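A.B. asks: attaching a predicted model along with its sequence, questions to come.
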Amino acid sequence: MMDTLKPIPSVPDNLLRKIAEDYHNGEIFSNINCDSYMGVFLSLVTMTPQPPDKPVVPEDIDVVNNRDLIADFFIEEENIMNRYNDGVKEYYENLDSYTINFLPSVGFIYEYSTKAIKTPDVGGLPLFFTCNFLNHSDTKKMLEYYFELKS
C-alpha cells in the first residue's frame with residue numbers, strides 16, 4: 001500500500017532564504033524553468049498512483065498442457081477477484097489523496113543542479129531522479145526573497 005500523500009508542510013524561513021539565494025545564483029532548477037517538468041523530475045512520474053492489473057482468464061493457452069493452471073484459476077477466481085477489487089479500492093483512495101491533498105499544495109518543485117543525472121544538452125533540459133517541494137505560501141515567501149536579491 002502506498003503511503004498517503006499529505007499536503008506539503010511549511011519549512012523554516014532561513015531555509016526559504018537559502019533556497020532563494022541558491023535559485024538566484026543558478027544552483028537550482030525548478031518547475032518555473034520549464035513547461036514540461038514531469039519529464040525533468042522523473043520521481044513525479046512514480047508518485048502518481050497506478051491502477052492494479054485486471055486479472056485475465058487463461059483463454060488462449062493450450063488446454064491439454066495447462067489444464068492445472070486453468071483449473072487453479074477457476075478454483076481461485078473469487079479470491080483473485082477479491083484481491084483485485086481491494087486493489088481498485090486502494091488505488092482510488094491513493095488517487096484521492098494524491099489529487100485532493102498533495103497536488104493542490106505543490107507550489108514550487110526544485111532540485112539542485114548538481115543532482116542532475118543528465119546535464120542539459122544544447123536547448124535541452126536536465127533530468128533528476130529526486131526533487132523537493134514548497135507549498136504555495138512558502139513559494140510566495142521564497143520568491144519575495146528571490147526578487148529582493150535580484151533587485
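C.D. replies: In hand now; what should we look at?
A.B. asks: flag the helix or strand of this protein with the lowest per-element mean pLDDT.
C.D. replies: Across the helices and strands of the chain, mean confidence by mean pLDDT, DSSP states H and E is lowest for helix 43-47: a mean of 78.
A.B. asks: ok, and for it, which residues are buried?
C.D. replies: Neighbour counts over helix 43-47 (16 or more other Cβ atoms under 10 Å) mark residue 44 as buried. The way it works is simple: take the backbone N, C-alpha and C, and place the C-beta from them, glycine included.
A.B. asks: which elements pack onto that helix?
C.D. replies: For helix 43-47, not one helix or strand is in contact under the criterion 3 or more Cβ pairs under 8 Å, 6 or more residues apart in numbering; DSSP states H and E.
A.B. asks: SS state for residue 133?
C.D. replies: Secondary structure assignment for residue 133 (DSSP: H, G, I helix; E, B strand; the rest coil): strand.
A.B. asks: right, and residue 137 touches residue 10 too?
C.D. replies: Yes: contact status for residue 137 versus residue 10: in contact at 6.7 Å, counting by Cβ atoms under 8 Å.
A.B. asks: show residues contacting the longest strand seen in the chain.
C.D. replies: The longest strand of the chain (DSSP state E) is strand 106-112. Contacts with strand 106-112, where a contact means Cβ atoms under 8 Å, 6 or more residues apart in numbering, come from 8, 19, 22-23, 27-32, 37, 41, 44, 128, 130-140, 142-143.
A.B. asks: filter these down to the buried ones and hand me the ChimeraX line.
C.D. replies: Restricted to buried positions by 16+ other Cβ under 10 Å, the ChimeraX selection for the contacts of strand 106-112 reads:
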select :8,19,23,28,29,30,31,37,41,44,128,131,132,133,134,135,138,139,142,143
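A.B. asks: circling back to that earlier point, identify each buried residue in the longest strand of the chain, please.
C.D. replies: 106, 107, 108, 109, 110, 111.
A.B. asks: what's the farthest-apart pair in those residues?
C.D. replies: For the buried residues of strand 106-112, the farthest-apart pair by Cβ to Cβ is 107 and 111; their separation is 15.0 Å.
A.B. asks: this completes my enquiry, with thanks.
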